[in-house]
Structures are given as C-alpha cells and as structure tokens.
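Enquirer: take a look and give me a structure for this.
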Amino acid sequence: MNLGGSNNLTTTIIRGATPDIIISAGELPIENLVNIGLITPENTISLWTNSLVIIHYNEDKMMSIKSILLNSKRIGIADPNLAPAGYYAKEALNKLIDIKEIENLLPTGFIDGVTTNPSLIAKQGKDMKEIIKTICSLVKGPVSAEVTAIDHKKMLKEGEYLASIAKNIAVKVPLTPDGLKTCRKLREQGIMVNVTLCFSAGQALLAAKAEASFISPFIGRLDDIGEKGMDLIEDIVVMYENYGFETEVLVASVRSIQHVIDAALIGAHVATVPPKIIHELYKHQLTDKGLKAFLDDWAKTGQSILPQ
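Expert: Purely as a prediction, here's the structure:
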C-alpha cells in the first residue's frame with residue numbers, strides 16, 4: 001500500500017507505477033489519468049462524497065458566506081494545485097461572485113461600468129449572452145465583453161455579435177496584431193473597443209494608434225513578476241497626454257486599495273476594481289471608532305431625531 005496525496009499518486013502512476021487500485025480524494029486526478037489513457041472510464045467509480053466547511057469566528061453573530069468573504073482580509077484554503085479540497089474550495093468561492101454584487105453596489109454610485117472576461121463568465125455557469133445582457137441592463141456605462149477567437153476574421157465576427165447584444169458593449173480584444181486589426185475595424189463601425197492584456201508602454205502606443213476606446217494594462221500581474229505595475233500606468237498617461245490620444249487608460253488587475261489610490265493620483269481614467277476592494281475603500285478603523293463614540297454619546301441623551 002502506497003499512501004500519499006492524490007496528485008502525488010497520479011504523478012507516480014504517470015511515471016510508470018502500476019497499482020491495482022487507486023483511491024483519490026478528488027475527481028481531477030482520476031480524470032487526468034483517463035484523459036491520457038492510463039485508466040478507462042468504465043473502471044472508475046465514485047465511492048464517497050464530502051462537504052466543504054467554512055470555519056469563521058465572529059463574536060457577535062453568524063454571518064452569511066458572502067458577508068464573511070467581504071469582511072475578511074485573509075481566507076485560508078488548501079493549495080488548489082496540491083489538495084482536492086483546495087481546488088473545490090477555490091471553485092466554490094469563485095462562483096459566489098455574481099451579478100448580485102453589481103446590483104448591491106449600483107446604489108452607491110461607485111459603478112460606472114463593468115468589465116467581464118471568458119473566465120468570469122464561465123464561473124457563473126449560465127448562458128453568456130444572458131449574463132452580458134443582464135449586466136448591460138443594470139449598468140449605464142460601458143460593459144466590456146471579450147472575444148475568444150485569436151484570428152482577425154473570426155475575432156471581428158465575434159466582436160460584431162457581442163456589440164449587437166447592447167449599445168453599451170465595449171468589445172475586448174487581446175493586444176496582438178490580429179486584435180489591433182480587429183480594433184480598427186470595430187472602431188470604424190462606431191463600436192467601443194477595450195484592448196486588453198497590455199504589459200508595456202509600447203503596446204499601449206499601438207493600441208492608441210488603433211484608436212482603442214480603452215487600454216487595459218494589468219498592473220497586478222506585473223507586480224507578481226517583480227516589476228512596478230503603477231510605473232507603467234504613469235508612462236501611458238504621460239504618453240497619451242503628450243500626443244492627445246483619446247484612448248482611456250483602464251487600470252486592470254487591481255489587487256489593493258493602494259492600487260486604486262495610486263491610479264487616481266497618476267490620472268488614469270478608469271480602474272476595474274473587484275467588489276471586495278470597493279468595500280474596503282470606505283473602511284477605516286478611526287471611522288468605526290468615531291461613529292461608535294457618537295452613537296454612544298447620543299444614546300445617553302435618550303432622544304430620537306425622528307418624532308416618536
């Protein structure tokens with residue numbers, strides 16, 4: 001008997017081990033073995049199921065799962081690449097973020113537009129067109145919807161189809177030669193275009209020359225590889241101002257409140273911000289402390305502002 005994590009056991013089998021039986025805590029390792037032909041589908045069976053459990057401490061009351069996520073700075077799960085429980089936890093958490101978040105934030109006036117991508121749409125488990133149409137009906141500003149084709153001809157058809165869903169659609173295309181050709185053609189039709197996956201000032205210059213409505217530099221991903229993402233935003237803003245380009249800088253891959261503040265100070269036009277970061281923007285310990293003091297003092301008076 002060989003004991004180990006499901007992924008480790010799978011790796012061992014791929015390297016040549018030939019067990020009579022393998023018991024995995026997750027479906028993915030087994031699916032991988034089936035896909036590469038080391039196990040046949042008819043020789044697999046589901047024996048047990050389990051449930052994900054959230055452990056959260058709150059001294060006042062039990063909160064909803066969404067409230068926990070929005071009010072927690074750190075969430076611990078097992079490594080999705082190593083443990084099935086971590087993979088399923090990640091999938092479950094991703095699916096909790098839905099259109100309700102947009103509806104909840106709209107009354108605050110924070111939302112000027114919405115950015116989507118194929119990964120975010122897929123997590124909803126619903127029809128792509130219906131999701132985009134619903135978002136466009138809720139939000140007056142631009143709603144970015146991304147093509148999935150990589151060649152110009154198909155990309156253009158997808159872009160035209162997406163633009164037909166609603167008048168406030170901004171078609172997202174990748175910053176590639178075909179993407180920029182598609183950008184130019186769509187702009188000639190009066191369709192807004194968001195050129196995405198920008199990682200350099202040179203790329204941003206090309207997008208502006210293609211008359212993109214928006215350029216989306218991914219600052220968080222640059223930070224991940226040791227570069228300063230906000231330096232790129234500053235370079236693009238200065239460059240666009242120098243030549244009077246009308247393309248708006250849409251700061252993407254925002255990871256923190258500081259990213260939002262820095263983007264505003266530099267003069268970026270737009271930032272695509274996760275709901276969690278938006279909620280964090282209006283939080284400060286001194287605000288909470290001050291409000292509590294005011295309410296405590298008022299309670300001592302025994303009065304009510306509204307007539308009883």
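Enquirer: pLDDT score assigned to L28?
Expert: We note a pLDDT of 71 for L28 in this prediction.
Enquirer: typed the wrong thing, it's L96
Expert: Checking the pLDDT column for L96, the value is 54.
Enquirer: what do you get for P275?
Expert: Reported pLDDT for P275: 86.
Enquirer: do S200 as well
Expert: 97.
Enquirer: swap in N50?
Expert: According to the prediction, N50 has pLDDT 68.
Enquirer: for the one 3 residues further on, same thing?
Expert: With respect to pLDDT, V53 scores 67.
Enquirer: also E59?
Expert: pLDDT, E59: 55.
Enquirer: how many other residues sit next to T12?
Expert: Look at T12: counted by other CB atoms under 10 Å, it has 14 neighbours. From N, CA and C alone the C-beta is placed, and that goes for glycine too.
Enquirer: could you confirm N242 falls within a helix?
Expert: Yes: using DSSP: H, G, I helix; E, B strand; the rest coil, the secondary structure at N242 is a helix.
Enquirer: extract the CA atoms of the lengthiest helix in the chain and return them as CSV.
Expert: As far as residue count goes, and with DSSP state H defining each element, the longest helix of the chain is helix 285-301. Listed next in CSV are the C-alpha coordinates belonging to helix 285-301 (Å, rounded to 0.1, in the frame of the first residue of the first chain):
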residue,chain,number,x,y,z
GLN,A,285,-10.7,52.0,12.0
LEU,A,286,-11.0,55.6,13.0
THR,A,287,-14.3,56.0,11.1
ASP,A,288,-15.7,53.0,13.0
LYS,A,289,-14.3,54.3,16.3
GLY,A,290,-15.7,57.8,15.8
LEU,A,291,-19.1,56.5,14.8
LYS,A,292,-19.3,54.3,17.9
ALA,A,293,-18.4,57.3,20.1
PHE,A,294,-21.1,59.5,18.5
LEU,A,295,-23.7,56.8,18.9
ASP,A,296,-22.8,56.1,22.5
ASP,A,297,-23.0,59.7,23.4
TRP,A,298,-26.3,60.1,21.6
ALA,A,299,-27.8,57.0,23.3
LYS,A,300,-27.1,58.6,26.7
THR,A,301,-29.4,61.5,25.9
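Enquirer: same question for it: list its buried residues.
Expert: For helix 285-301, the neighbour count (16 or more other CB atoms under 10 Å) marks no residue as buried.
Enquirer: S119 and I102, how far apart?
Expert: Relative to I102, S119 is positioned 17 Å away (CB to CB, to the nearest Å).
Enquirer: more neighbours, these two?
Expert: The residue with more neighbours, out of S119 and I102, is I102; 17 against 9, by other CB under 10 Å.
Enquirer: please name the nearest non-neighbouring residue to that one.
Expert: Distance criterion CB to CB, 6 or more residues apart in numbering; nearest residue to I102, sequence neighbours excluded, is L138 at 5.8 Å.
Enquirer: the one you found against L106, yeah?
Expert: Yes: applying CB atoms under 8 Å as the test, L138 and L106 come out as touching, 6.3 Å apart.
Enquirer: could you check the pLDDT of I233?
Expert: pLDDT, I233: 98.
Enquirer: mind jotting down where the strands sit in the chain?
Expert: With DSSP state E as the definition, the chain shows strands at residue ranges 114-115, 143-146, 169-174, 192-198, 214-217, 248-251, 270-271.
Enquirer: so where's this structure shaky on pLDDT?
Expert: Across the chain, the ranges flagged by pLDDT under 70 are 50-74, 81-82, 87-88, 90-98, 123-125.
Enquirer: how is it partitioned into domains?
Expert: Dividing the chain into domains by automatic domain parsing, as the record does, gives the ranges 6-50+69-93, 98-281.
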